[in-house]
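Peer 1: Dropping a prediction and its sequence here:
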Number of protein chains: 2
Amino acid sequence: MTRSTSSLTPLPGACAACAVRPFALFRVVPQARVGEIAKVRSGVRLVRAGEAIRDSVFTLYAGWAFTWTATPDGRRQVLDFHLPGDLVERTEDGAEVEALTDASFCILARDRLCDFMGRDPSVAMSYAEGLSRDRARLRERLTSLGRRDAVGRVAHLLLEVHGRIQRRGGADARGGPVPLKQAHIADALGLSVEHANRALAVLRKDNLATLAKGRLDILDREGLEEVAGWEGPTAVESLVPRSIAG
Amino acid sequence: MTRSTSSLTPLPGACAACAVRPFALFRVVPQARVGEIAKVRSGVRLVRAGEAIRDSVFTLYAGWAFTWTATPDGRRQVLDFHLPGDLVERTEDGAEVEALTDASFCILARDRLCDFMGRDPSVAMSYAEGLSRDRARLRERLTSLGRRDAVGRVAHLLLEVHGRIQRRGGADARGGPVPLKQAHIADALGLSVEHANRALAVLRKDNLATLAKGRLDILDREGLEEVAGWEGPTAVESLVPRSIAG
DNA sequence: CGCGGTATTGAAACGCATCAAAACCCGTGG
DNA sequence: CCACGGGTTTTGATGCGTTTCAATACCGCG
């Protein structure tokens, strides 16, 4: 048994009052039309940390999740982390989605979502913008794995994660809560857990950043960006004009 | 001067007779409406191998291109390769697009393309499908860099490239023309040129595949998939239903 | 024929994986 | 309240894969 009492993780409520909608797929539909988006939601769900998520499309409401794939030799590669507001798709290619913390989300009906996008191009463009962001993150990560050493990779990931939670109001410039274990970091960055640990130790010793007890602290932003080879937050714009996608 | 006479690379002609449209963004618009898509094209261009491409959105018509980014220490990371029919966007994040061979393409007007997608959701969804494919490729590559050794990475890339040209009718099961230099492979896979060379040498010695003189030959498909940790062609479907995106 | 870019080969150095073990942390039950 | 136990973090020693540096061979083209 894990916990007998109800979880502290909140379930999503009415779309009209959704706290994460400003960061989510439906951010582009005006408040006057929230009634329509409620109809593409086919349910809500709450899962525990470590549980696999099998729903094919959902928007994360609370907690973190991640997508990963197994390699032939049995190890795991984390492909992306998901934060509240993110639209997550379970793809057909064998990648799995797993809750990183206790988490809750709105399950979307694929067909109704398609209909909606067919009728409202701004939502289709919002969807595209999300894909574009995913691509930008993957490109960054690819560059990390291709051309940065272990310390640089970890530093870069910490900066990326910090930016993502900060944009959602979940952290200030000093840091904030991040539930990543060293194993997640290792699996995302193509490192062994031991080496990810050593890289974090270097960042700690040099007073650049610490990640412990579910908290990330940025001690020296400039120094951290230096070792990360950071090139500033990547502005995604894709083809989405503000006129259409808000 | 490079060449005095006209290039052998063909320039794109009328949209109505476009040979790559079945693989391109506008594959979803019926022949009866090609007139409209001609209007989002703002020009055509021909570039030589090695030239940078600065147009912000284009669909490649002939030849190969690739997107890359410079790392702080001056090396390069290839983020993706582009083949005829691909929609290519020059993003704001410092990544550059370069012609890998002599190449020609249709330049698209960003604003007119946006208008089009705003009016025709099937094109917006086609755009999203392309992004989804990009993402799938990046995920594969990330897995390569994270969890495969040099030989596996090269084998995997060769299989991916083979699939892409084959789907376009540019190769048969045995192989086909691929203009990649070892330096491109190295920069895409996070390897030194020397080691990429050694990996190719292994594949050659084991009679799995050869890449030489601009040609890829698959000698032993099964063996190659074995060392690549290949998991079959990734079916991208995203949210795009056949009913909308054709 | 000779040149510049590309491919190939060798030897040494380095970063990271691996294996092994210990320290730590926290929730749980006695 | 403390001892227990499982998951997580930390540290150390050894080996392997890859980079780096240095040369040499190759190839298409003028």
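Peer 2: Good, I have the coordinates. Note that the structure is a prediction, hence the values are computed from the model and not measured.

Peer 1: which parts of stretch A:118-126 are buried?
Peer 2: A:118, A:120, A:121, A:122, A:123, A:124, A:125, A:126 (16 or more other CB atoms under 10 Å in any protein chain shown). For every residue, glycine as well, the C-beta is placed using N, CA and C.

Peer 1: Check the burial of the residue nearest to residue A:95 when sequence neighbours are not counted by counting its neighbours.
Peer 2: In space, and not counting its chain neighbours, residue A:95 is closest to residue A:69: 4.6 Å by CB to CB, 6 or more residues apart in numbering or on different chains. Using other CB atoms under 10 Å in any protein chain shown, residue A:69 has 21 other residues around it.

Peer 1: Which secondary structure state does residue A:69 sit in?
Peer 2: Here residue A:69 is strand, with the state taken from DSSP: H, G, I helix; E, B strand; the rest coil.

Peer 1: Backbone dihedrals for the residue of chain A found nearest DNA strand D, both of them.
Peer 2: As assessed by CB to the nearest atom of the strand, DNA strand D sits closest to residue A:182 within chain A, at 3.4 Å. Main-chain dihedrals, residue A:182, degrees, to the nearest 10: phi -60, psi -30.

Peer 1: What is the neighbour count of it?
Peer 2: Residues lying near residue A:182 (other CB under 10 Å) number 17.

Peer 1: That one against residue A:198, yeah?
Peer 2: No. With contact defined as CB atoms under 8 Å, residue A:182 does not count as touching residue A:198 (10.1 Å).

Peer 1: Show me which parts of the helix or strand encompassing residue A:155 are buried, residue by residue.
Peer 2: In the assignment (DSSP states H and E), residue A:155 maps to helix A:150-167. Across helix A:150-167, burial judged by 16+ other CB under 10 Å covers A:150-162, A:164-166.

Peer 1: Distance from the chain centre to the helix or strand just after that helix, please.
Peer 2: Counting by DSSP H and E, the next helix or strand C-terminal to helix A:150-167 is strand A:175-177. Centroid separation for strand A:175-177 versus its chain: 15 Å, with CA atoms, centre = their mean, to the nearest Å.

Peer 1: For the residue nearest the centre of chain A, give me its contacts.
Peer 2: Nearest to the mean C-alpha position of chain A, by CA atoms, centre = their mean, lies residue A:82 at 2.2 Å. By CB atoms under 8 Å, 6 or more residues apart in numbering or on different chains, residue A:82 lies in contact with A:60, A:64, A:65, A:66, A:67, A:88, A:97.

Peer 1: How about the third one, nearest residue that isn't a chain neighbour?
Peer 2: In space, residue A:65 comes closest to residue A:82 once its chain neighbours are excluded; the distance is 4.3 Å by CB to CB, 6+ apart.

Peer 1: can you count the residues close to the closest residue to the residue of chain A closest to DNA strand D other than its chain neighbours?
Peer 2: Nearest non-adjacent residue to residue A:182, counting by CB to CB, 6+ apart: residue A:196, 5.0 Å away. Look at residue A:196: counted by other CB under 10 Å, it has 24 neighbours.

Peer 1: how is chain A carved up into domains?
Peer 2: Split into domains by automatic domain parsing, chain A comes to A:15-129, A:148-228.

Peer 1: which stretch among those comes nearest residue B:52?
Peer 2: domain A:148-228 (24.1 Å; CB to CB).

Peer 1: distance between the closest one and the chain's centre?
Peer 2: 15 Å.

Peer 1: is DNA strand C contacted by that domain?
Peer 2: Yes. Against DNA strand C, domain A:148-228 shows contacts by CB under 7 Å from any atom of the strand at A:149, A:150, A:151, A:190, A:191, A:192, A:194, A:195, A:213.

Peer 1: any idea where the strands of chain A begin and end?
Peer 2: A:41-47, A:52-53, A:57-62, A:65-70, A:76-82, A:87-89, A:96-99, A:103-108, A:175-177, A:209-212, A:215-218 (DSSP state E).

Peer 1: Looking at the residues of domain A:148-228 next to DNA strand C, which one is closest to chain B?
Peer 2: The nearest member of the residues of domain A:148-228 next to DNA strand C to chain B, counting by CB to the nearest CB, is residue A:190 at 3.2 Å.

Peer 1: what residues are up against the nearest residue in space to the closest one that is not next to it in sequence?
Peer 2: Of all residues not flanking residue A:190 in the chain, residue B:146 sits nearest, at 3.2 Å (CB to CB, 6+ apart). Applying CB under 8 Å, 6+ apart to residue B:146 gives the contacts A:77, A:145, A:187, A:188, A:189, A:190.

Peer 1: Could you measure from residue A:66 over to residue B:198?
Peer 2: Distance of residue A:66 to residue B:198, computed by CB to CB, to the nearest Å: 34 Å.

Peer 1: I misspoke; the intended subject was residue A:70.
Peer 2: 27 Å.

Peer 1: Please report the number of neighbouring residues for residue A:180.
Peer 2: When counting by other CB under 10 Å, one arrives at 20 neighbours for residue A:180.

Peer 1: Give me the below-cutoff pLDDT ranges for chain A.
Peer 2: Residue ranges of chain A with pLDDT under 70: A:1-7, A:234-246.

Peer 1: so who does the residue nearest to residue A:182 touch?
Peer 2: A:150, A:154, A:182, A:183, A:185, A:186, A:189.

Peer 1: Among these, which one lies nearest to DNA strand C?
Peer 2: residue A:150 (3.8 Å).

Peer 1: do you know how far the residue nearest to the closest one when sequence neighbours are not counted is from residue A:212?
Peer 2: The shortest distance from residue A:150 to any non-neighbouring residue, by CB to CB, 6+ apart, is to residue A:199 (4.4 Å). Using CB to CB, residue A:199 is found at 14 Å from residue A:212.

Peer 1: quick one: is the longest helix along chain A near DNA strand D?
Peer 2: Using DSSP state H to define each element, chain A has its longest helix at helix A:121-147. No. Shown here: helix A:121-147 not in contact with DNA strand D (CB under 7 Å from any atom of the strand), separated by at least 8.4 Å.

Peer 1: swap in stretch A:66-73?
Peer 2: No. Looking at stretch A:66-73 against DNA strand D by CB under 7 Å from any atom of the strand, there are no contacts, and the closest approach is 12.5 Å.

Peer 1: Quick check: buried residues in that stretch?
Peer 2: By neighbour count on 16+ other CB under 10 Å, the buried set for stretch A:66-73 is A:66, A:67, A:68, A:69, A:71.

Peer 1: residue contacts, the residue lying closest to residue A:211 once chain neighbours are set aside?
Peer 2: In this structure, residue A:211 finds its nearest non-sequential neighbour in residue A:200, 5.9 Å apart by CB to CB, 6+ apart. Taking CB under 8 Å, 6+ apart, we find residue A:200 in contact with A:154, A:182, A:185, A:210, A:211.

Peer 1: Relative to chain B, which of those is nearest.
Peer 2: Of all the contacts of residue A:200, residue A:185 has the smallest distance to chain B: 11.9 Å, by CB to the nearest CB.

Peer 1: on that earlier part again, go ahead and confirm the residue nearest to residue A:95 touches residue A:79.
Peer 2: Yes. Counting by CB under 8 Å, residue A:79 is a contact partner of residue A:69 at 6.1 Å.

Peer 1: Good, we can wrap up now.
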